[in-house]
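Undergrad: Using only what follows, build the 3D model:
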Amino acid sequence: MFVNDLSFGFDLSEDGRSMTGDATITDALRPSGSSLPRPSVLATVADCVAGVPACLTTAPQLAVTLDIVVRIVADRSGDSLALTAEIVKVGRSTVAAEVCFTDAATGQLVAHSYVTFMASPRPQDVAPPLIRGMRTTGSMPVAFPDHIGMRVLEHGVTEIEHGPFLQQASGTLQGGAVALLGEVAAETLTGRPVLDLDTRYLSAVRLGPGRATAVSLGSGLVRAEVRDVGNDNRLAALVTARVAS
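TA: A predicted model of the protein is given here:
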């Protein structure tokens, strides 16, 4: 799937509660004209990094993502990011994690993320074989939205098909792709890059296409609804984005 075309890796601690790793950010993973990574790229990485220890906790059930928050705090960033992550809460039904991305050259914090998971209630959603780390070394020859087939139907409206390249283990559209739908919808509505991205997953996108429709809330905030068009236009996610001023 498209996650393998990113370049990142991490290792899990012995107790399964923390992770350290790195990520490479190329121009394909940035908005046009910006040195900062797309928040949806960081959301994709955070989801993968925190998802491994989350599945350790929810096994034998698959850990599914409830929400991902990414806040970019730097004005600029280099190509190499160091990442640290920690499980901050293990409850009876949910797992919460915190992920930090820093510029590997300067040590400056670039972005901060929270991710929350729950054990899937569907008996067929079984956790994959548990691993102690992960490493991808792929690359994208074109911009991230183009690489995964994102379409801009009009300013503020984006769409993407459902398929094996974009789906995760439970068969739904991968969380990073859903986050990108909302990000690009906000970006094309305002003409400005997104700095903060808050994605709340409400139901799966199992049929597709997934479609995001964005509206301005004022003061640089944008709200986007992501719906599963092929499944009676079911509401799948709510995305709140803050764009650059």
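Undergrad: And the strands in the chain?
TA: Remark: strands of the chain, listed N- to C-terminal, are 7-12, 18-24, 63-72, 80-90, 94-103, 109-119, 133-137, 151-154, 157-160, 194-201, 210-218, 221-228, 234-243; assignment by DSSP state E.
Undergrad: Quick one: mean pLDDT over the last one.
TA: Mean pLDDT, taken over the full extent of strand 234-243, equals 98.
Undergrad: CA-only coordinates of it in CSV, if you can.
TA: What follows is strand 234-243, C-alpha atoms only, in CSV (Å, rounded to 0.1, in the frame of the first residue of the first chain):
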residue,chain,number,x,y,z
ARG,A,234,-22.3,8.0,5.1
LEU,A,235,-20.4,10.4,7.3
ALA,A,236,-17.0,8.9,7.8
ALA,A,237,-14.8,11.6,9.4
LEU,A,238,-14.8,15.2,10.6
VAL,A,239,-11.6,17.2,9.9
THR,A,240,-10.7,20.5,11.4
ALA,A,241,-7.8,22.3,9.8
ARG,A,242,-6.0,25.6,10.6
VAL,A,243,-4.3,27.2,7.6
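Undergrad: who are the neighbours in contact with the closest residue to Thr137 other than its chain neighbours?
TA: Sequence neighbours aside, Ser7 is the residue nearest to Thr137 in space, at 5.7 Å (criterion: CB to CB, 6 or more residues apart in numbering). From N, CA and C alone the C-beta is placed, and that goes for glycine too. For Ser7, the residues meeting the contact criterion (CB atoms under 8 Å, 6 or more residues apart in numbering) are 23-24, 26, 136-139.
Undergrad: quick one: which of these is most hemmed in?
TA: Neighbours here mean other CB atoms under 10 Å. Within those, the largest count is held by Ala23, at 25 neighbours.
Undergrad: residue contacts, that residue?
TA: If a contact means CB under 8 Å, 6+ apart, then Ala23 has 6-9, 45, 80-81, 83, 101 as its contacts.
Undergrad: Also Val45?
TA: 6, 8, 23, 83, 99, 101.
Undergrad: wait, the second one sits on Thr26?
TA: By that I understand Phe8. No: at 11.7 Å, Phe8 and Thr26 do not qualify as touching, with contact defined as CB atoms under 8 Å.
Undergrad: Run through this structure and note the low-pLDDT ranges.
TA: Counting by pLDDT under 70, the chain has no low-confidence residues at all.
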